[in-house]
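>>> Got a predicted model here, sequence first, then my questions.
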Amino acid sequence: MIGSAFNYSQKTISLYIHYPFCKRLCPYCDFFKVQYSKDLERVYIDGLKKEFEVYNELILRNYNTATIYVGGGSPSIASPEFFNFLEFLNSKLNLCDKPEFTIELNPEDINDNLILRLANSPINRLSIGVQSLDEDVLKFLSREVNLKTFKNNFEKLNKIIENISFDILYGFPEKLSENHIKNFSNIKDFNLKHVSLYFLTIYEGTAFYKRFQEVSHLLNDDEIYKKYLKFIEQLNVLNFKHYEVSNFAKPGYESQHNLQYWLFHNYLGLGPSASSKIFSAHWKNYNDLNTYHSSLENGNLSVAGFEMLTHKQLVFERLFLFLRLRRKVNKIWLNDLTGTNPERLKQFYIDLKRNNLIEDYGEVFELTDKGLMVSEEVFLRYLK
């Protein structure tokens, strides 16, 4: 259970670095990304250095950095110069004891050169965007992955880094889903510590959005839930704990970086499109590489939007994020946080239990697998 609602004495911070380059643009991805070029990457790294120097002086030097996460884009295609920057950054930070340092990789990018760079870096956790262990699904996603080659490269990676996570998508058309779920059982052949299970959402502006005639999902809610449960059943057998809506971990291997977000701790984002939160201050960088760099070149931070959240907004966001976690929630704490009348909520808890959305233990409750999947709906019901 959680203690106080807002901890303004936090002495730690998390750092996110957005690497925006990809070899090819996947048809389903809506993160900010651009086609890789060496010249553009050089411009990006120059801006990143400037941004880090400013924020290190203004913010980072006042905190101990608990986690670092490099996402994208495709950081696995980055040049040696980018990895040199990561080592430089790591050497300048006030680090907590045993900080978690994660980088995202695409399976098709993994080779001996990348493995050597990782072996000589401070990185100690990998998040690999596998998406599927079924060849037909990978083709559907326009991913050029040879699963046999990837398995061999994984074993090499695992010799230097123990803490490895897979990203898996689900929610494909029915004719693909059956083999996708069946071949997911091959995950037992990988020495994984963590799995993230994400539903395939069709985002506006992606190639899939045009291809599927502007629908947001390829399956209805009942079908989605059935597929979700089939993955959970397999992960339970392999001793993965379901600790957040989309995340499963072996004991002691929860993603520390993502927990910082869900527990409403402070984080700083570097790079184009990156977001930051320091207590009630929220801001986001420009979603454009040229604007990002020119702002920093002219002596300004590359901030596209800045907001100081009100107490009501903070409560709303705090509760929304916390209800993504599979943790026991103290009802009194929840009432104090939101100022809700406990009498009004008695029927609320009865209805949730009747619909198998929570386990009710009297003073505390915990979301079920079904409740986690619809945690946003639970949250909105609570605020009615």
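Arrived safely.

>>> how far is the lengthiest helix in the chain from where the chain is centred?
Longest helix of the chain, by residue count under DSSP state H: helix 38-58. On the basis of CA atoms, centre = their mean, to the nearest Å, helix 38-58 sits 23 Å off its chain's mean C-alpha point.

>>> mind saving the C-alpha coords of it as PDB?
Taking C-alpha atoms only, helix 38-58 is exported to PDB below (Å, rounded to 0.1, in the frame of the first residue of the first chain):
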ATOM      1  CA  LYS A  38      24.300  10.300 -39.800                       C
ATOM      2  CA  ASP A  39      24.100  14.100 -40.300                       C
ATOM      3  CA  LEU A  40      20.700  14.400 -38.500                       C
ATOM      4  CA  GLU A  41      22.000  12.200 -35.700                       C
ATOM      5  CA  ARG A  42      25.000  14.500 -35.300                       C
ATOM      6  CA  VAL A  43      22.700  17.500 -35.000                       C
ATOM      7  CA  TYR A  44      20.500  15.600 -32.500                       C
ATOM      8  CA  ILE A  45      23.500  14.600 -30.300                       C
ATOM      9  CA  ASP A  46      24.700  18.200 -30.300                       C
ATOM     10  CA  GLY A  47      21.300  19.400 -29.100                       C
ATOM     11  CA  LEU A  48      21.200  16.600 -26.500                       C
ATOM     12  CA  LYS A  49      24.500  17.600 -25.000                       C
ATOM     13  CA  LYS A  50      23.400  21.200 -24.700                       C
ATOM     14  CA  GLU A  51      20.100  20.200 -23.100                       C
ATOM     15  CA  PHE A  52      21.700  17.900 -20.600                       C
ATOM     16  CA  GLU A  53      24.200  20.600 -19.500                       C
ATOM     17  CA  VAL A  54      21.400  23.000 -18.800                       C
ATOM     18  CA  TYR A  55      19.200  20.600 -16.900                       C
ATOM     19  CA  ASN A  56      22.200  19.100 -15.000                       C
ATOM     20  CA  GLU A  57      22.900  22.500 -13.600                       C
ATOM     21  CA  LEU A  58      19.200  23.500 -13.000                       C
END
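
>>> Which neighbouring elements make contact with the helix or strand following that helix?
Per DSSP states H and E, the first helix or strand lying C-terminal to helix 38-58 is strand 64-72. If you count contacts as 3 or more CB pairs under 8 Å, 6 or more residues apart in numbering; DSSP states H and E, strand 64-72 packs onto strand 12-19, helix 80-92, strand 95-105, helix 256-262. Where you see a C-beta, it was placed from the backbone N, CA and C, and this is true even at glycine.
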